[in-house]
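Colleague: Sequence and predicted model, in that order:
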Amino acid sequence: MCEEKGPHRARRRAHGRCSAHPRRADSSRAGNIFREAVAPHLDGERVTYVGEVGGDIKLNLFADDRGLLMPIGWSEPFGMVMVEALSAGTPVIAFANGAAPEIVEDGISGYLVTDEAEMATKIALLDEIDPAACRDRAAARVDIHHVAAE
C-alpha cells in the first residue's frame, strides 16, 4: 500500500461496501498511509480491510463486489488488478491514465474518469455495467491466445 495507489482517494469516494485489496504493506511510509488515510474510516461493514489476498479468496471478493475503484496517482504500466477484476465480472472505475484506457472500455466494462468527483458519480452507475460484458471484453483483450497473437 502506497500513496501512489490512492487508497485514501478510494476511501473518500466509495459508497456502500468497499474492500481494500492491497498486495503489500511493508514500508513505514505504507504503514503511515494506512494508519492516517484508511484505518480511521474502517467500520467493519461499509468499509473493510481484508489484508493481502490471493487465489480463490481474491476471486470471491471480486465476484461479490459491485466494482473496483482504481484511483492510482501514477501511470500504471499494466494494471493486473484491473484485468483480474474484469475477468471475474467486476466493472472497474479508473483514472484515464497509464494502461487503464487499454483495459477498461468506458461504459462497457467500467468507467474512465478524470478526477475523484467523477469517480464518485460513476459509482452510482456500476449496476448499468453487465458483468458478462466485463468477462467477455477481458477475455477478448487479454486472453493468452490474443496477447500471443498480437
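Modeller: Yep, that arrived.
Colleague: and Val47, what are its phi and psi?
Modeller: Main-chain torsions, Val47, degrees, to the nearest 10: phi -130, psi 120.
Colleague: Would you mind naming the residues that bridge with it?
Modeller: Counting by DSSP bridges, Val47 is bridged to Cys18.
Colleague: wait, doesn't it sit right on His41?
Modeller: Yes - counting by C-beta atoms under 8 Å, Val47 does reach His41; the two are 5.4 Å apart. Any C-beta I mention is one placed from the backbone N, CA and C, and that applies to glycine too.
Colleague: Packing partners of the host helix or strand of Lys58?
Modeller: For Lys58, the element it lies in under DSSP states H and E is helix 55-64. Applying 3 or more C-beta pairs under 8 Å, 6 or more residues apart in numbering; DSSP states H and E, one finds that helix 55-64 makes contact with helix 80-87.
Colleague: The helix it packs on to helix 55-64, inter-axis angle?
Modeller: If you take axes from the mean of the first three to the mean of the last three C-alpha atoms, to 10 degrees, helix 80-87 sits at 60 degrees to helix 55-64.
Colleague: out of Val47 and His41, which sits in the more crowded spot?
Modeller: Val47 (17 against 14; other C-beta atoms under 10 Å).
Colleague: tell me the pLDDT at that one?
Modeller: For Val47, the model assigns a pLDDT of 72.
Colleague: Give the rounded mean pLDDT of the helix holding Lys58.
Modeller: Across helix 55-64, the average pLDDT comes to 83.
Colleague: Can you name the element that comes right after it?
Modeller: Following helix 55-64 toward the C-terminus (DSSP H and E): strand 68-70.
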